[in-house]
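Enquirer: turn this into a model:
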Amino acid sequence: MEPFGFVEMQQFQKELQEKYKDQWGGICVEKGMESILWMYGEIAEAADILKKKGEQAILHDPETRHHFVEEMTDVMMYFNDVCLCYEISPEELVAVYREKHERNMNRWAVQHD
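Expert: Model prediction:
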């Protein structure tokens, strides 16, 4: 399986948003907050599966796992909608993600005497 990243995810979201532009209003800065709120709802649905079914079911029960991954996919879809609304490119996201990772890797560095 080939790697799947933000470039392809954003292309999928552009295609989906264009298809339903008349119903959903399209991708624009005015839709950014709404997309964040929808993403929040999807995170809550994923958390609900975890709360009701538990970690072991997500790891070992195929039906529960599929449902959980599907909710996480919804989170990613809305995340990419937010990025598109605010014109955050995959390249910008990756650059800032790497910066943040580096900062986090050194944030709680253990001091050796």
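Enquirer: what's around Ser35, how many residues?
Expert: The number of residues packed around Ser35, counting by other CB atoms under 10 Å, is 23. Placement of C-beta: from N, CA and C, glycine included.
Enquirer: can you check the one 4 residues further on too?
Expert: Counted with other CB under 10 Å, the burial measure for Met39 works out to 19 neighbours.
Enquirer: from Met105, how far out is it?
Expert: Met39 is 27 Å from Met105, where distance means CB to CB, to the nearest Å.
Enquirer: where does Ala109 land on pLDDT?
Expert: Model confidence at Ala109, expressed as pLDDT, equals 72.
Enquirer: ok, now which ones touch it?
Expert: The contact partners of Ala109, by CB atoms under 8 Å, 6 or more residues apart in numbering, come to none.
Enquirer: cool, and Phe6?
Expert: Contact criterion CB under 8 Å, 6+ apart gives 80, 83, 90, 93-94 as the residues in contact with Phe6.
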